[in-house]
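Novice: give me a model of this one.
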Amino acid sequence: MFVSRRKIAFTVIVLLAGLAIGSSAKQVNQDNVRSFGATGDGIADDTAALQKIVDSGAGNIRLRGVYRLTEPVVIDLDKVGYTSFSGDGIARIVMSGPGPALKFVGTHFKSADPDGFEENVWLRQRMPLVDGIAIEGNHPEAVGIEAVGTMELTVTRVHIRGVMHCIHLTGNNRNLIISDCHLYENRGIGIFYDNVNLHQSNITGCHISYNRRGGIVSRGGNVRNIHITGCDIESNMSPETPPTANVLIDSADSSYGTGEVAITGCTIQHNSPSPDSANIRIIGRSKPDRNGKLVREGNVTITGNVLSDVKVNVHLKDCRGVILTGNTFWMGYTHNLLIEDCSNIIVGANNFDRNPRYDYGNSLDARNSLLVCNSADCTLTGLHITNVWKSPAGLTIESCKRMNVTNCTILDCDGIGLLLKDVTNSRLSGCLISDSRPNTESTSLRVVGGGDNMIVNNLLATEPQIPENAARVSGNVHP
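Specialist: Numbering: from 1, shown residues only. The predicted structure is shown next:
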């Protein structure tokens, strides 16, 4: 293959220029913070110095030491251009004033559709980055990172502690990535979708723990495509704060709500003393649509998670289109699963258990019951429910219609294994309901009210209690 000398010479010049630029940038990045007056000693106020370096357009800001701030450092992306903060795990920012330590401000208030972008977003604003930095609060109203109008904000390997909210998302943002972060022991919320218009966000591999007003919280706004994967999310609530959840999605007071959510492969747990605590709580009812009709937000997948030690492990209210499968539940002090006023919910093979390993102290008070009420058009299949105590039934389905309950196993529950109350146009088949505990007086199946149901081919430890005309009954095996 023939290559001209002119082309070779041009290539060498480009490579050398690139090396020179890279070397220069590296030297500037090492020295620029102190050259703008920052001390990094944790005592002096470095706010003005960091703001100067941001406003200079330095771009890659590498921090070493402890930087005390008394006001937010504002990164006006359209003005300063591409900006990243890097600390390699050894830099720390102490926010000693109100507001966010770092506030990223962009101009993108549209969707992620390629046709909707102004060119300046790609030329100056894309992918602002915070990596390898600790942010700590030393003021009651301190916040870690705030973003508005950004495209591709990326927060990685960041530790945030002692602030109000760790990562506060407002206004409009698109294509957010938060990964490998530690958001620990804060007064407010770990990751807060605050009445924001935000589509496409990924939260992966993070520890989000001991944030007193919620771990990951979405309230109001227009939020789609939240992916929460491989995280440890624990004890993001407190007996002294209003009820919240480790993952809370609240569509009330929104015209669009939050939907298209995947919560997969996480450990989500603690703590039961907090009032009305939940691991995952989704309130799907948003404002009525243009025709005044009720809207239930949803399209949610909850798969492969470990859930324990709260009042309610999973709480769905006014939702549509939610699937739960492959999860492990225990220590739901009121309910392992509570479904209210929902439709098109699929609860597949999940394990609702009481492992003897955890039967000590207050954990003995956990009821672990399942309740589905005022709902329609749902499928419950392959549930494995064991040792529901101090509750009317292991599984209660009340005031529901068009429910399909199949191939469930309900074992050793106090009271009633399965209670159907005022249920219509529903099917129950292929279930095993038994209680082998000594001196038990439990009932396998009781039906109260309702009608036009089919109850067939179940294996029951006691004779079912089914009123005449409540269901077509056949093929059930019982004493």
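
Novice: model confidence score at the most centrally placed residue in the chain, please.
Specialist: Central residue of the chain (C-alpha atoms, centre = their mean): Val247, 4.1 Å from the mean position. Val247 is assigned 98 on the pLDDT scale.

Novice: cool, the one 5 residues further on as well?
Specialist: Model confidence at Ala252, given as pLDDT, is 89.

Novice: again with Val143
Specialist: Val143 is assigned a pLDDT of 98 by the prediction.

Novice: assign a three-state SS to it, would you?
Specialist: Recorded secondary structure, Val143: strand (DSSP: H, G, I helix; E, B strand; the rest coil).

Novice: contacting residues for the closest residue to it other than its chain neighbours?
Specialist: Setting aside the residues directly before and after it, Val143 is nearest to Pro100 in space (C-beta to C-beta, 6 or more residues apart in numbering), at 4.1 Å. In short, each C-beta sits where N, CA and C put it, glycine included. By C-beta atoms under 8 Å, 6 or more residues apart in numbering, the contact set of Pro100 is Pro72, Val143, Gly144, Ile145, Glu146, His168.

Novice: can I get those in CSV with distance to Gly106 and neighbour count?
Specialist: Written out in CSV, the entries for these read as follows (distance: C-beta to C-beta, whole Å; neighbours: other C-beta atoms under 10 Å):
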residue, distance to Gly106, neighbour count
Pro72, 15, 19
Val143, 18, 26
Gly144, 18, 32
Ile145, 14, 27
Glu146, 12, 22
His168, 15, 23
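
Novice: just give me the closest of those residues to Ala48.
Specialist: Pro72 (12.2 Å; C-beta to C-beta).

Novice: isn't that closest one right up against Leu102?
Specialist: Yes - in this structure, Pro72 is within contact of Leu102 by C-beta atoms under 8 Å, at 7.3 Å.

Novice: mind listing the shared neighbours of these two?
Specialist: Glu146.

Novice: mind listing what's buried in stretch 81-95?
Specialist: Thr83, Ser84, Phe85, Ser86, Gly87, Ala91, Arg92, Ile93, Val94, Met95 (16 or more other C-beta atoms under 10 Å).

Novice: next one: stretch 381-396
Specialist: Counting neighbours by 16+ other C-beta under 10 Å, stretch 381-396 gives 381-383, 385-389, 391-396 as buried.

Novice: same thing with stretch 300-312?
Specialist: Residues Val300, Thr301, Ile302, Thr303, Asn305, Leu307, Ser308, Asp309, Val310, Lys311, Val312 are the ones in stretch 300-312 that count as buried (16+ other C-beta under 10 Å).

Novice: quick one: residues contacting the fourth one.
Specialist: Pointing back at Thr303 there. Neighbours of Thr303 in contact, by C-beta under 8 Å, 6+ apart: Ala262, Ile263, Thr264, Gly265, Ile323, Leu324, Thr325, Gly326, Asn327.

Novice: apply 6 Å and report the result again.
Specialist: Thr303 makes contact with Thr264, Thr325, Gly326, according to C-beta atoms under 6 Å, 6 or more residues apart in numbering.

Novice: quick check: it vs Arg213, distance?
Specialist: Per C-beta to C-beta, to the nearest Å, Thr303 is found 26 Å from Arg213.

Novice: and what of Thr241?
Specialist: Counting by C-beta to C-beta - Thr241 and Arg213 are separated by 5 Å.

Novice: what does Gly449 give?
Specialist: The spacing between Gly449 and Arg213, counted by C-beta to C-beta, is 41 Å.

Novice: same drill for those two, tell me which one is more crowded.
Specialist: Arg213 (21 against 13; other C-beta atoms under 10 Å).

Novice: go ahead and confirm the more buried one touches Thr244.
Specialist: Yes - the pair Arg213 / Thr244 is scored as a contact, 5.5 Å apart, by C-beta atoms under 6 Å.

Novice: mutual contacts of the two, please.
Specialist: Contacts common to Arg213 and Thr244, judged by C-beta under 6 Å, 6+ apart, are absent.

Novice: show me the shaky parts of this structure.
Specialist: In the predicted model, the chain carries pLDDT under 70 at residues 1-31.

Novice: follow-up on the earlier one: how about the residue nearest to the centre of the chain, secondary structure?
Specialist: strand.

Novice: please shift the residue numbers so they start at 39 in all later answers.
Specialist: I'll keep to 39 as the first residue from here, and by that count the last item is Val285.

Novice: report the beta-bridge partners for it.
Specialist: Ile254, Ile318 (DSSP bridges).

Novice: circling back to that earlier point, so which of the buried residues of stretch 119-133 are in strands?
Specialist: Judged by DSSP state E, strands contain the following of the buried residues of stretch 119-133: Ser122, Phe123, Ser124, Gly125, Ala129, Arg130, Ile131, Val132, Met133.

Novice: which single one of those is nearest to Asn491?
Specialist: Among those, Met133 lies closest to Asn491 (C-beta to C-beta), at 59.7 Å.

Novice: surely the closest one touches Ala172?
Specialist: No - counting by C-beta under 6 Å, Met133 sits too far from Ala172 to count as a contact (11.2 Å).

Novice: how many residues are close by the spatially closest residue to Asn70 that is not a sequence neighbour?
Specialist: Computed as C-beta to C-beta, 6+ apart, the closest residue to Asn70 that is not its neighbour in sequence is Ala96, at 5.2 Å. Residues near Ala96, counting by other C-beta under 10 Å, number 20.

Novice: does Ala96 lie in a helix or a strand, and which?
Specialist: For Ala96, there is no host helix or strand (DSSP states H and E).

Novice: tell me how far it lies from Gln503.
Specialist: For Ala96 relative to Gln503 (C-beta to C-beta), the value is 76 Å.

Novice: report the buried residues of stretch 151-168.
Specialist: For stretch 151-168, a neighbour-count test (16+ other C-beta under 10 Å) marks Phe155, Val159, Arg162, Gln163, Arg164, Pro166, Leu167, Val168 as buried.

Novice: want to throw these into a markdown table with secondary structure and distance to Ile454?
Specialist: Formatted as a markdown table, those follow (DSSP: H, G, I helix; E, B strand; the rest coil; distance: C-beta to C-beta, whole Å):
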| residue | secondary structure | distance to Ile454 |
| --- | --- | --- |
| Phe155 | coil | 59 |
| Val159 | helix | 59 |
| Arg162 | helix | 65 |
| Gln163 | helix | 60 |
| Arg164 | coil | 58 |
| Pro166 | coil | 56 |
| Leu167 | strand | 56 |
| Val168 | strand | 54 |
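
Novice: closest to Gly103 out of the residues you listed?
Specialist: Using C-beta to C-beta, the buried residues of stretch 151-168 come closest to Gly103 at Val168, 16.6 Å.

Novice: test my guess that Ser467 contacts Ile493.
Specialist: No - Ser467 is not in contact with Ile493 according to C-beta under 6 Å; the separation is 7.4 Å.

Novice: the more surrounded of these two?
Specialist: Using other C-beta under 10 Å as the criterion, Ser467 and Ile493 rank with Ile493 on top: 25 against 16.

Novice: from Phe142, how far off is that one?
Specialist: Ile493 is 58 Å from Phe142, by C-beta to C-beta.
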